[in-house]
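**Q** Next come a sequence and a model predicted from it.
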Amino acid sequence: MMGYALMTHCQHERFLIAIGNGANGKSVALNVIGELVGTQNAAAVHPSYLKNNHHRAELNQKLVNIITESEQGGKLPAAELKALVSGEVMTVDRKHKDPFEMHPFATILWATNHMPHPSDYSDALFRRAGIMTFNRTFAEHERDRQLMLTLRNEMAGILKMALEAYGRAVTSGFAEPPSSIEAKKEWRKQSDAIAFWLADCELADGAELKASACFDAFRQWFEHAQLQKLTIKSFSQRLERLGINKRRTSEGIVYVGIKIAAAEVSFS
């Protein structure tokens, strides 16, 4: 991703979320990328502002957009993020100036203590995301206050390593360690309440469960979790995206493959 951040294209359609509690080095890692590209080639537009044309205009002709701070419970504007990550041409404007067409190529790099809540649950968002987990917390006596200065003196070597790694990614694909794959799965489950609920259901080949009973079970779980309410239509559509099929019977719609819904769960 460091090497990709130096490119003026979005051919790989990837962005990176660095996740972990404080004092673990994620901000240092992203700041190193900022040092590589130079301040004139970096923006710092928080993802929550990407819906705004004025803020998106700040990404024009920038190599990277680096965010090193994020509040808990932040929303991710999925449509705008996907468009930027894919390099789609878009009309933006700066205050009191004429609109213009922007061809974005800034690589989005986001360090956060808490995973954001996406507004889109489709594969299109999650397949573009790379997640790097920073699991080590450095105690006060372990911290090197001069680390960035040391790394600035090593930029030539870091640049060489980044470009070599990007070259391997071009020919063999971007590598994702098991921890990143698991973090993405967990993010998707936690972000999508229906996927989270479905993980608690008992599934079985050949089983069927009446749609109305299934939705009632989901609502019980949903209300306990104090989440935003969904309609039965949205519930059905999202279940289908998760691979649960339905069919019509003489008694109404049934979902195929669900044996017991997470309905009678004790929350005590």
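**A** Alright, I've got the coordinates.

**Q** Please count neighbours and contacts with C-alpha atoms only from this point.
**A** Will do.

**Q** residue ranges of the strands in the stretch 51-200 of the chain, please?
**A** For the stretch 51-200 of the chain, the strands defined by DSSP state E, counting those that start in this stretch cover 64-67, 75-76, 90-92, 100-102, 107-112, 117-118, 129-133.

**Q** can you put the ones you listed in JSON lines and add mean pLDDT, distance to K184 and mean neighbour count?
**A** Formatted as JSON lines, the strands of the stretch 51-200 of the chain follow (pLDDT from 0 to 100; distance: least, CA to CA, whole Å; neighbours: other CA atoms under 10 Å):
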{"stretch": "strand 64-67", "mean pLDDT": "96", "distance to K184": "19", "mean neighbour count": "24"}
{"stretch": "strand 75-76", "mean pLDDT": "74", "distance to K184": "15", "mean neighbour count": "18"}
{"stretch": "strand 90-92", "mean pLDDT": "96", "distance to K184": "28", "mean neighbour count": "16"}
{"stretch": "strand 100-102", "mean pLDDT": "96", "distance to K184": "30", "mean neighbour count": "14"}
{"stretch": "strand 107-112", "mean pLDDT": "93", "distance to K184": "14", "mean neighbour count": "25"}
{"stretch": "strand 117-118", "mean pLDDT": "76", "distance to K184": "12", "mean neighbour count": "19"}
{"stretch": "strand 129-133", "mean pLDDT": "93", "distance to K184": "6", "mean neighbour count": "20"}
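
**Q** Restricting to C-alpha, output stretch 116-126 in PDB.
**A** Extracted C-alpha coordinates of stretch 116-126, given in PDB (Å, rounded to 0.1, in the frame of the first residue of the first chain):
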ATOM      1  CA  PRO A 116     -16.500   2.800  11.200                       C
ATOM      2  CA  HIS A 117     -20.200   2.000  10.400                       C
ATOM      3  CA  PRO A 118     -20.600   1.600   6.600                       C
ATOM      4  CA  SER A 119     -23.800   2.800   4.900                       C
ATOM      5  CA  ASP A 120     -23.500   0.000   2.400                       C
ATOM      6  CA  TYR A 121     -23.300  -3.700   3.100                       C
ATOM      7  CA  SER A 122     -22.500  -5.000  -0.400                       C
ATOM      8  CA  ASP A 123     -19.300  -6.800  -1.400                       C
ATOM      9  CA  ALA A 124     -18.300  -3.700  -3.500                       C
ATOM     10  CA  LEU A 125     -17.300  -1.900  -0.300                       C
ATOM     11  CA  PHE A 126     -15.700  -4.700   1.700                       C
END
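
**Q** In it, which of the residues would be classed as buried?
**A** P116, H117, P118, Y121, L125, F126 (16 or more other CA atoms under 10 Å).

**Q** still on that earlier bit, distance to K259 added to the strands of the stretch 51-200 of the chain, as CSV?
**A** Shown next, in CSV, are the strands of the stretch 51-200 of the chain (distance: least, CA to CA, whole Å):
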stretch, distance to K259
strand 64-67, 44
strand 75-76, 34
strand 90-92, 47
strand 100-102, 51
strand 107-112, 38
strand 117-118, 29
strand 129-133, 33
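
**Q** and of these, who's closest to N52?
**A** Closest approach to N52 among the strands of the stretch 51-200 of the chain is made by strand 90-92 (8.6 Å; CA to CA).

**Q** Would you agree F218 is in contact with W197?
**A** Yes - using CA atoms under 8 Å, F218 is in contact with W197, at 7.1 Å.

**Q** what about these two, which has more around it?
**A** The neighbour count for F218 versus W197, taken as other CA atoms under 10 Å, is higher for F218 (23 against 18).

**Q** So which bits of the helix or strand containing R248 are buried?
**A** According to DSSP states H and E, R248 maps onto strand 245-249. Neighbour counts over strand 245-249 (16+ other CA under 10 Å) mark N245, K246 as buried.

**Q** next one: stretch 142-161
**A** Here stretch 142-161 shows L151, I158, L159 as buried, counting by 16+ other CA under 10 Å.

**Q** C-alpha coordinates for it, CSV please?
**A** Output of stretch 142-161 as CSV, limited to C-alpha atoms (Å, rounded to 0.1, in the frame of the first residue of the first chain):
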residue,chain,number,x,y,z
GLU,A,142,9.2,1.5,25.3
ARG,A,143,8.3,4.5,23.2
ASP,A,144,10.9,6.1,21.0
ARG,A,145,10.1,9.8,20.9
GLN,A,146,12.7,10.3,18.1
LEU,A,147,11.3,7.5,15.9
MET,A,148,9.9,9.8,13.1
LEU,A,149,13.2,11.6,12.9
THR,A,150,15.0,8.2,12.6
LEU,A,151,12.6,7.1,9.9
ARG,A,152,13.0,10.4,8.0
ASN,A,153,16.7,9.6,7.7
GLU,A,154,15.8,6.2,6.2
MET,A,155,13.4,7.4,3.5
ALA,A,156,15.5,6.3,0.6
GLY,A,157,15.5,2.7,1.9
ILE,A,158,11.8,2.8,2.8
LEU,A,159,11.0,4.1,-0.7
LYS,A,160,13.0,1.2,-2.3
MET,A,161,11.2,-1.4,-0.1
